[in-house]
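Student: how would this look folded up:
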Amino acid sequence: MSAVPLSVLLALVCLTACLAKPSPPSSLALAGALAGSPGGRLAFFPDGAAAGGVLAARAKRTSGAIPITECTFVYTEEGDFYLDYEGDPAKVCGAMFLAPLNMRIQLRLTLDVACSTGGIVSVTDGWDYQNQYLPMSADHPKPDSARHTTLCGVEHTQVFEASQNAAQVSYVLPQGGRFAVSVRFVRNASPCSVIVDSTEVVTLRNFGKRRNCTVTTIYPSVVRVLQLQVGVNEKHPNMEPETGTIHKCEKRGMEDFVQITGLGMATELAGPVTVFGSVCGLDTNAGRPMSILCGALSVRLVSSGRYDNAVTVYMKRMESEEEMLGADFFCDADL
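Tutor: Numbering: from 1, shown residues only. Next comes the predicted model:
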């Protein structure tokens, strides 16, 4: 591995500090937030806010309604939430919700936000990271235009259901606007793309369909492909002998493969995706661990529909500065 650039070393220091304490987004006027964002959506994680800080604090369900008192927070259990944030009313803030991997999130949002005051609330199917949707657009059943809804109004109620285990409510509320949201988890019979925030062993399957599935984290992580059955057997019941792990599958013209990709840690606009390689084949004891320093990291199962594909991956968040300094790979980031 080549030497880690100074810019990445500086990011390591920031990430290590942020792991212990949330880092709220920078202040942005409503007009600026909307004008600079694709599709007119609220720009979340603005000015390169470190993702590690955002997920460091998580709220769990308590008795009664739960106040949203922080500008940026992640909630990992069901509950009824109401806004009780008294910070800068011109700041773009957000409540991010995360369910178990086999669940979808259902939101019932009630607004008291006068459109004439410039207040606005938005709901995202997934999370909005550095002006990129997670799960990313290429791996989601909905087009970008259908994943984001912007609302205002007095005594207005609307129900939303996310496609996966992650959803987000962002808001700018000048002059006393308020909202409440009821969050419920709904069983997902065939989860495809998911977001994780801790150490997980995840199996992605296409169930013989033409679709992409992903597991994504917004932590620097250690990733290992544990078992692999991708691009073999053509839905035939008789198992072939193991091929072992085949590398650079898409460059060999194969349509089915597992790809590891990452996004930089501090891009103000939607940045390029770094590809760390691809594998396919049949291997019950697949790859070695890879430590990767990125703002967002995804393992993608790309499927043509010709095969019953499955891949099991282990993802572990890197906790210490020593782990990050010793990373095998890193995303290019203009910090």
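
Student: measure the most centrally placed residue in the chain to Arg108 for me?
Tutor: By Cα atoms, centre = their mean, the mean C-alpha position of the chain lies nearest to Leu134, the distance being 4.0 Å. Separation of Leu134 from Arg108 (Cβ to Cβ, to the nearest Å): 23 Å. Bear in mind the C-beta positions are built from the backbone N, C-alpha and C, glycine included.

Student: how about the helices in the stretch 201-335 of the chain?
Tutor: For the stretch 201-335 of the chain, applying DSSP state H, counting those that start in this stretch gives helices covering 321-325.

Student: where does it dip in pLDDT?
Tutor: 234-241, 265-271, 332-335 (pLDDT under 70).

Student: and with 50 instead?
Tutor: 268-269, 333-335 (pLDDT under 50).

Student: Tell me where it has strands.
Tutor: For the stretch 201-335 of the chain, strands defined by DSSP state E, counting those that start in this stretch occupy the ranges 212-217, 221-230, 244-247, 257-263, 274-283, 290-293, 296-302, 310-317, 329-330.

Student: and of those strands, who's closest to Val186?
Tutor: Across the strands of the stretch 201-335 of the chain, Val186 has its closest neighbour in strand 212-217 (18.7 Å, Cβ to Cβ).

Student: Convert the C-alpha atoms of that closest one to PDB, please.
Tutor: C-alpha atoms of strand 212-217 as PDB (Å, rounded to 0.1, in the frame of the first residue of the first chain):
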ATOM      1  CA  ASN A 212     -28.700  -5.000  -7.700                       C
ATOM      2  CA  CYS A 213     -28.600  -5.300  -3.900                       C
ATOM      3  CA  THR A 214     -26.200  -3.500  -1.500                       C
ATOM      4  CA  VAL A 215     -25.100  -3.300   2.100                       C
ATOM      5  CA  THR A 216     -23.800   0.200   2.900                       C
ATOM      6  CA  THR A 217     -22.200   1.800   5.900                       C
END
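
Student: distance between it and the chain's centre?
Tutor: Centroid separation for strand 212-217 versus its chain: 8 Å, with Cα atoms, centre = their mean, to the nearest Å.

Student: Next: stretch 277-294.
Tutor: 20 Å.

Student: Which positions in it come out as buried?
Tutor: The neighbour-count check on stretch 277-294 (16 or more other Cβ atoms under 10 Å) flags 278-283, 286-287, 290-294 as buried.

Student: can you tell me which residues contact Thr203?
Tutor: When the contact criterion is Cβ atoms under 8 Å, 6 or more residues apart in numbering, the partners of Thr203 are 310-313.

Student: you'd agree Val154 is up against Thr117?
Tutor: No - using Cβ atoms under 8 Å, Val154 is not in contact with Thr117; the gap is 10.7 Å.

Student: between those two, who's got more neighbours?
Tutor: Thr117 (15 against 10; other Cβ atoms under 10 Å).

Student: Which residue, other than its chain neighbours, is closest to that one?
Tutor: Gln175 (4.4 Å; Cβ to Cβ, 6 or more residues apart in numbering).

Student: quick check, the one you found in a helix?
Tutor: No - the assignment for Gln175 (DSSP: H, G, I helix; E, B strand; the rest coil) gives coil, which keeps it out of a helix.

Student: Just list the residues touching it, thanks.
Tutor: Gln175 neighbours (Cβ under 8 Å, 6+ apart): 89, 114, 117-119.

Student: In JSON lines, list those along with pLDDT and secondary structure.
Tutor: Converted to JSON lines, these look like this (pLDDT from 0 to 100; DSSP: H, G, I helix; E, B strand; the rest coil):
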{"residue": "Pro89", "pLDDT": "81", "secondary structure": "coil"}
{"residue": "Ala114", "pLDDT": "83", "secondary structure": "coil"}
{"residue": "Thr117", "pLDDT": "82", "secondary structure": "helix"}
{"residue": "Gly118", "pLDDT": "82", "secondary structure": "coil"}
{"residue": "Gly119", "pLDDT": "86", "secondary structure": "coil"}
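
Student: Just the buried subset of these, please.
Tutor: By neighbour count, with 16+ other Cβ under 10 Å, those hold 89, 114, 118-119 as buried.
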